[in-house]
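>>> Sequence first, predicted coordinates after that:
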Amino acid sequence: MAIRSKLNELRTVLRAQGLRATPSRIAVLDLLRSKRRPVSHSEVSAELANAGWDPATLYRNLVDLADVGLVRRTDVGDHVWRFELIDAEHDATRHPHFVCTGCGTVECLPPMELALPKAKTPRSVRQRRVEVQVRGLCDTCG
Ligand SMILES: [Zn+2]
Ligand SMILES: [Zn+2]
């Protein structure tokens with residue numbers, strides 16, 4: 001019963017954005033929802049490998065989800081796209097990301113205010129159209 005209603009909910013979310021609720025899209029959306037951090041295409045492929053979907057299909061699914069605005073695509077500086085679900089309680093534009101300089105893991109940090117001087121900053125900074133990234137060692141590497 002619980003699984004069934006979760007499936008229905010994921011289908012509804014996809015259809016509301018005009019996407020067909022294919023089994024692989026549902027699986028990708030479900031995975032991103034459980035991760036709650038930006039994940040790369042190779043991570044998604046590895047996690048869903050048992051289900052038998054090929055990596056190209058999963059990549060297209062991720063791009064589709066990003067195109068309709070359900071998912072945000074970020075490059076934290078290593079030229080790898082990572083995909084993060086956006087919803088009411090997890091708005092990827094409102095929180096900074098932590099990037100481990102040792103292993104490359106990316107984690108979401110709680111929303112925080114950055115005190116910025118009014119003068120001498122680019123317009124995008126003043127208008128808050130920028131990403132904040134914190135770099136350091138994760139608990140495993142540190
Ligand atoms: Zn690390
Ligand atoms: Zn995040």
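Okay, I see it. Numbers count the residues shown, from 1 in each chain. Ligands and ions are numbered 1, 2, ... in the order given.

>>> hey, let's count contacts and neighbours off CA atoms from now on
Noted.

>>> Okay, residue 6 and residue 26: tell me how far apart.
According to Cα to Cα, to the nearest Å, residue 6 stands 10 Å off from residue 26.

>>> hmm, I was thinking of residue 43
In terms of Cα to Cα, residue 43 sits 16 Å off from residue 26.

>>> and if you look at residue 46?
Applying Cα to Cα to residue 46 and residue 26 gives a distance of 16 Å.

>>> of residue 43 and residue 26, who's got more company?
residue 26 (19 against 11; other Cα atoms under 10 Å).

>>> for the helix or strand harbouring the more buried one, which positions count as buried?
Assigned by DSSP states H and E, residue 26 falls within helix 23-35. Of the residues in helix 23-35, 24, 25, 26, 27, 28, 29, 31, 32, 33 count as buried by neighbour count, 16 or more other Cα atoms under 10 Å.

>>> next one: the helix ranked longest in the chain to chain centre, how far?
With secondary structure taken from DSSP state H, the chain has its longest helix at helix 2-16. Centre-to-centre, helix 2-16 and its host chain are 19 Å apart (Cα atoms, centre = their mean, to the nearest Å).

>>> what's the angle between it and helix 23-35?
110 degrees (axes from the mean of the first three to the mean of the last three Cα atoms, to 10 degrees).

>>> Identify each buried residue in helix 2-16, please.
Along helix 2-16, these residues count as buried under the neighbour rule (16+ other Cα under 10 Å): 7, 10, 11, 13, 14.

>>> got it, and stretch 60-70?
Buried residues in stretch 60-70, counted by 16+ other Cα under 10 Å: 61, 62, 63, 65, 66, 70.

>>> nearest spatial neighbour of the fifth one, skipping sequence neighbours?
Think residue 66. Using Cα to Cα, 6 or more residues apart in numbering and skipping the chain neighbours, the partner closest in space to residue 66 is residue 72 (5.6 Å).

>>> How about residue 71?
In space, residue 71 is closest to residue 85, 4.4 Å off (Cα to Cα, 6+ apart).
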